[in-house]
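J.: give me coordinates for this.
(chains A, B and C)
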Amino acid sequence: MISYIASRFLRAIITLLITVTIVFVFIRLSGDPAAALAPPDVGQEVIDQYRQKLGLDQPLWRQYTTYVSTLATGQFGYSIHTGLPALQLFLDKLPATLVLGGTALLIALGVGIPLGAIAALNRDTALDRGVMAFSVFAFAMPNFLFGLAVILTGALVFGTFFGASGNLFSLGTLLAPAATLGLASMGAFARFARSSVLETINKPFIIAAEARGVPRTRRLLRHVAPNAAIPLVTLLGLSLGGLIAGSVVTEQVFAWPGVGQLLVRSVITRDIAVVQFLVLMVAFTMVCANFLVDLLYLAIDPRIRVR
Amino acid sequence: MRAHISSMPWAVRLALVYIVLFVLFALFGELLTEHGYRDTSLLKRLKPPEFLGGEPGYWLGTDEKGRDLLARLAIGARITLVIAIVGTLIGAIIGSLLGLLAAARRGMTEAVIMAAVDVQASLPIIIVALFVLAVFDNSFLLFLLLIGITGWEVYARLIRGAALSAKEHGFALAVRALGASPARIYLRHVLPNVLNIALVQLTINLPLTVLLETALSFLGLGVQPPLTSLGQIMSEGRDRLLTAWWLTMLPGMIIFFLALSISLTGDWLRDRLDPTLSRLRT
Amino acid sequence: MTAEILKVRDLSILLPEGADRTYAVSAANLELKKGETLCLVGESGSGKSVLSQAIMGMLPPQLTVESGDIRFEGDLLPPQRSKLYQKLRSRKIAMIFQDAAASLDPIRRVGHQLEEILLVHGVERASERRDRTMALLRSVRLPDPERIYRSYPHQISGGQAQRVVIAEALALGPDVLIADEPTTALDVTTQAKVLQLIVELCSANHTAVLFVTHDIGVVSEIADTVAVMCDGVIVEVGSRNEVLETPTHSYTRKLLAAVPKPENISNAHSQNSPILRVKNLSRTYAIKTGLFTSRPLTAVQNVSFSLHRGETLGIVGESGSGKSTLARCVLRLEDPDIGTISFNDEDITTVTGAALRSVRSDLQVVLQDPFSALNPRQTVGNAIAEGPLIHGASREEAAGKVSDLLKKVGLPEQAAKRFPHEFSGGQRQRICIARALAVQPKVLIADEAVSALDVSIQTQILDLFRELQAAMGFAMIFITHDLVVAASICDNVLVMRNGNMVEYGTANAIFTRPKETYSQELIAAIPGGIPRNPPTDTNATELR
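T.: Numbering: from 1, shown residues only, chains lettered A, B, ... in the order given. Next up, the predicted model:
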């Protein structure tokens, strides 16, 4: 078990290091990092100071180690446009994104998994086909189109704006963007839950439990559900990536003042320090999430926990 | 093959019809109108589609510069199609070859390739694309490359796994015992048997590529004017959502139905090709 | 009241449309008396498992009972899949399955799974459930029942899992136990112990047993009554002696004849010099135990043997004995750590390039699983022609070889244009043999080549091996876990256990007078013994 955790941890660290390295290489390729990272509207001597501070007069490997250690001490550079530290900009926008993403994930899990399970238990019925059709629909629906359609419907039918206005954290405001963001994951969860339940329900140990006289409800809750949940944990990690990617577009559509919007604005204005920091944060979040998923496996699957 | 078509569900047949129509529209759609996709006409701005009482000669209406939406959609569809196909192929070829290489060479080569797969898997492609577009100047070629790497890691992982198991398969062993060279084993025996998997993944990846291209263009970070794509048309029409909904909804629906049709066809294909599924069925 | 506890009357079960026959089970009649053991014998697809599912009320929804009924103690059983069955299962009728490990929930502790059965059948008090569970685990003679109680299924061995499953089935003292091939997946020595356990426990509790099997040896060991099933029809029912000694139905006779029997074997081969000589061969793997740690696993240790032209050497052992690794080393598909392999007095242990390629045409292999052994995307003709083409034959020569070999292995010439999936398991194994022989090998290694096949097909393939060997003169290494098969085809036998050579000698010597305890155990464990005592060969020479 210790070696399982250690190997996963090592993998996470290596992944992060490689990401940092790639970001470093790209920024070095793009031009003068001192100009990009220094606060805006400063004179040449300050940039030179930065150049020295960043060690740009040093050999490349030196610069690399300096870059890594700068990041490690929490210095992530400043925005060209606001002059604020990238970290602060990020933290300002984080709550809005967390609430939006969290709600979307809850909707995706809370609706998707039951839908998939119900479809599996009613295999080859109209209900099953309906759920499968929904999951294909959710996969193929671009979230910007869905979001715009929701806004359009809101305006034409209900006469309200379904976007960010007033209290961001009230359910009424959250619902439309969160549903838009969660739609794709919901479809994926429904589809995956269906196939996982279908696979488990035909396993020999479920048939054996039936032969022992274990009632159906108990078989489903005590044997099928926990076993079918194991592969879904993988999807949990994957869907986080989908949610992060989706939030970039969804926040744009609903004018949601979150990290995604900050990222798009920074890309358009080529605010490299901010973009770099946000990319690293995404990588960090994903790596942490995948590590947590591995730990979650440990908790629910004894085949990994005890050998 | 006739058996295949007759066993096709109606949804898949419709999907195939839509795909064919889409391709025809992308190739020849501009012939449906006499207006060029960049011809502006300030007098005919924001006209709704003709059947909703718009300007005669502009079937699908006009945008804020008075350009014919039909002509723009045709060109946009063409660009979207080109990017989707080229992009998907780039990812599929790079990923599959890396996967095959990892399975064939093992050791350090495999470790490096799989570490790269891990990194890619922890960075959503749209984030990578945004980062690269922030650092470098946007050009059509760069954008195409970015779309191209979409999903390469999935191909690499799938093909490596399939090739490793095919390698352990009895027939690969038997052919090795016959004295076949590694190249013969991989190209004649392993590759044809993992190609199915790559093909199925292709149909999953293709709609994702379409969605990524349109999403980035929608954000204003993809295809740049004067060129256009379906996502770029939506991006331009976004500010007039409530007054000229056709500018966003029409290209949006075209994208949605394209992604839907490809996925439906892909699902059907996967069910047909996946030997584990057919074993379950019998 | 009749003595029958279970009675199946005129039971017909319909297969879904499009299946290869109309009925899974057709007009079946079966009576099981109190406390008796009835063996239901048949090959795969005979309908024997469907029949036992129907008795459990667990027919899959695609299968429907068309007519007939099943009575338990004179009362009609509820309709298939009815809720009423729940009370009967485990209490009155219990069932155990072939793959015991798979019939345990992988993420729940073994003890808790046993307790669950007691719970759903109304044992309310937790302490009572625990006590009874421990008693059950002891009753199936599991070592360290406390540990087994706490273990997850992946932590116990296959034999232990089968014991746990038996404990589950007998937890509520059922009147009838249905055992569906319960020992097929087990090694021969484990199989013998599990069989003995089932027999003892059931006779102690007066439980009647419906034992579903394809193995005539098992039948002769445990059956009171035998029912023979073929294509959904019960063709013969009678006492064990009646059926085994004086079978009336032609299918039964065919089935009995198909049991491989020891041949009268001469040892004339040892006169000439050996074609293949393996000396002190060892192969060790590194098993990863942690991130940077590994421990060595010795798969083969210090094995030596020699093989003469026209001879058949059997390498016999249970799973994990290292016999397949040995084969791969000899084939040069894997490199041994220590030891030498010489072919025609030439050391081939480390040859590479062209020399290795020429050795490859001399040493060929037929693998266990005929389904994975053929490339599904290659026609049969191309598969057979590939070897000759690699070794420099022209297209015409190769095509000639293909039609010649297809004839030799008993397949029509048109087979060349078809794909593997159009053939049955036995036919595919013929194709694999043709492919191996296409390069005219001097040594053919058959790695469990008949293990995946039904009994009657097994015999056909064994006969084919013999015929081809007589005609073409190759030597053969026959790797098998099945001692009966080994006894029927081998001149000499090498017994392996945990990578080591246990005993090496003539087949006669080993099967009639095994010297080592393990060989004796193995032979004693063969269900029903080796059929028809092998004729003693007084001239049998020891090779070791």
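
J.: count of neighbours near residue 46?
T.: Since you didn't name a chain, this refers to chain A. For A:V46, the tally of surrounding residues (other CB atoms under 10 Å in any protein chain shown) stands at 14. All C-beta spots, glycine's among them, are computed from the backbone N, C-alpha and C.

J.: wrong one, chain B
T.: B:L46 has 17 neighbours, counted by other CB under 10 Å.

J.: go on, A:V248?
T.: 28.

J.: where does it fall, secondary structure wise?
T.: helix A:225-253 (DSSP states H and E).

J.: show me what counts as buried in that helix.
T.: The neighbour-count check on helix A:225-253 (16 or more other CB atoms under 10 Å in any protein chain shown) flags A:226-230, A:232-233, A:235-253 as buried.

J.: helices or strands up against it?
T.: Counting contacts by 3 or more CB pairs under 8 Å, 6 or more residues apart in numbering or on different chains; DSSP states H and E, helix A:225-253 is packed against helix A:86-121, helix A:143-153, helix A:171-201, helix A:259-268, helix A:272-300, helix B:125-135, helix B:191-218.

J.: can you put the ones you listed in JSON lines and add mean neighbour count?
T.: Formatted as JSON lines, these follow (neighbours: other CB atoms under 10 Å in any protein chain shown):
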{"stretch": "helix A:86-121", "mean neighbour count": "20"}
{"stretch": "helix A:143-153", "mean neighbour count": "22"}
{"stretch": "helix A:171-201", "mean neighbour count": "22"}
{"stretch": "helix A:259-268", "mean neighbour count": "23"}
{"stretch": "helix A:272-300", "mean neighbour count": "20"}
{"stretch": "helix B:125-135", "mean neighbour count": "24"}
{"stretch": "helix B:191-218", "mean neighbour count": "23"}
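
J.: nearest to chain C among the ones you listed would be which one?
T.: Closest of the helices and strands packed on helix A:225-253 to chain C is helix B:191-218, at 4.8 Å (criterion: CB to the nearest CB).

J.: quick one, that closest one and helix A:171-201 angle?
T.: For helix B:191-218 against helix A:171-201, the angle by axes from the mean of the first three to the mean of the last three CA atoms, to 10 degrees is 170 degrees.

J.: helix B:191-218 near chain C anywhere?
T.: Yes: with CB under 8 Å from any CB of the partner chain as the criterion, chain C is reached by helix B:191-218 at B:P192, B:N193.

J.: what about that helix and chain A, any contact?
T.: Yes: judged by CB under 8 Å from any CB, helix B:191-218 comes into contact with chain A through B:P207, B:L211, B:T214, B:A215, B:F218.

J.: what does the stretch 201-307 of chain A have sitting close to chain C?
T.: Contact residues (CB under 8 Å from any CB) of the stretch 201-307 of chain A with chain C: A:203-205, A:207-215, A:218, A:222-223, A:226-227, A:230, A:300-303, A:306-307.

J.: buried subset of the residues you listed?
T.: Buried residues within those, counting neighbours by 16+ other CB under 10 Å: A:203, A:205, A:207-214, A:222-223, A:226-227, A:230, A:301-302.

J.: in strands, which of those fall?
T.: Within those, no residue falls in strands by DSSP state E.

J.: make a markdown table out of the residues of helix B:191-218 next to chain A and add pLDDT.
T.: What follows is these, written out as a markdown table (pLDDT from 0 to 100):
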| residue | pLDDT |
| --- | --- |
| B:P207 | 88 |
| B:L211 | 88 |
| B:T214 | 88 |
| B:A215 | 89 |
| B:F218 | 89 |
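
J.: and of the residues you listed, the nearest to C:V366?
T.: Nearest to C:V366 out of the residues of helix B:191-218 next to chain A is B:P207 (CB to CB; 45.4 Å).

J.: do I have it right that the closest one meets A:P142?
T.: No: using CB atoms under 8 Å, B:P207 makes no contact with A:P142, being 9.7 Å away.

J.: shared neighbours of those two, anything?
T.: Common contact partners of B:P207 and A:P142 (CB atoms under 8 Å, 6 or more residues apart in numbering or on different chains): B:A259.

J.: separation between C:S44 and C:C230?
T.: Distance, C:S44 to C:C230, by CB to CB, to the nearest Å: 11 Å.

J.: so which of those two has more stuff around it?
T.: Between C:S44 and C:C230, C:C230 has the larger neighbour count (other CB under 10 Å), namely 21 against 13.

J.: what sits against the spatially most central residue of chain B?
T.: Residue closest to the average C-alpha location in chain B (CA atoms, centre = their mean): B:L206, at 2.7 Å. Contacts were defined as CB under 8 Å, 6+ apart; by that measure B:L206 touches B:A84, B:I85, B:T88, B:I262, B:G266.

J.: show me those that map onto helices.
T.: Per DSSP state H, helices hold the following members of the contacts of B:L206: B:A84, B:I85, B:T88, B:I262, B:G266.

J.: identify the farthest-apart pair in these.
T.: Checked with CB to CB, these reach their widest spread between B:I85 and B:G266, with 14.6 Å between them.

J.: hey, where'd the helices end up in chain B?
T.: Using DSSP H, helices in chain B cover B:2-6, B:10-28, B:69-105, B:107-121, B:125-135, B:140-148, B:152-168, B:170-177, B:182-184, B:191-218, B:230-237, B:246-273, B:275-281.

J.: and the third one, what other elements does it pack with?
T.: In other words, helix B:69-105. Counting by 3+ CB pairs under 8 Å, 6+ apart, helix B:69-105 packs on helix B:10-28, helix B:107-121, helix B:140-148, helix B:152-168, helix B:191-218, helix B:230-237, helix B:246-273.

J.: let me have those helices in TSV, extended by distance to C:G339.
T.: Formatted as TSV, these follow (distance: least, CB to CB, whole Å):
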stretch	distance to C:G339
helix B:10-28	59
helix B:107-121	26
helix B:140-148	51
helix B:152-168	24
helix B:191-218	34
helix B:230-237	66
helix B:246-273	45
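
J.: what residues does the stretch 1-150 of chain A put near chain B?
T.: Counting by CB under 8 Å from any CB, the residues of the stretch 1-150 of chain A close to chain B are A:11, A:14-15, A:18-19, A:22-23, A:26-27, A:29-30, A:136-137, A:139-145, A:148-149.

J.: and after the least confident helix or strand in chain A by mean pLDDT, which helix or strand comes next?
T.: Lowest by mean pLDDT, DSSP states H and E among the helices and strands of chain A is helix A:33-37, with a mean of 64. Per DSSP H and E, helix A:33-37 leads on to helix A:44-54 as the next helix or strand towards the C-terminus.

J.: check the offset of that next one from the chain's centre.
T.: Helix A:44-54 sits 36 Å away from the centroid of its parent chain (CA atoms, centre = their mean, to the nearest Å).

J.: for the record, mean pLDDT for the helix holding A:V248?
T.: Helix A:225-253 carries an average pLDDT of 89.

J.: now do it: distance to the chain's middle.
T.: 7 Å.

J.: any idea of the angle that helix forms with helix B:107-121?
T.: Angle of helix A:225-253 versus helix B:107-121, following the same axes, to 10 degrees, is 60 degrees.
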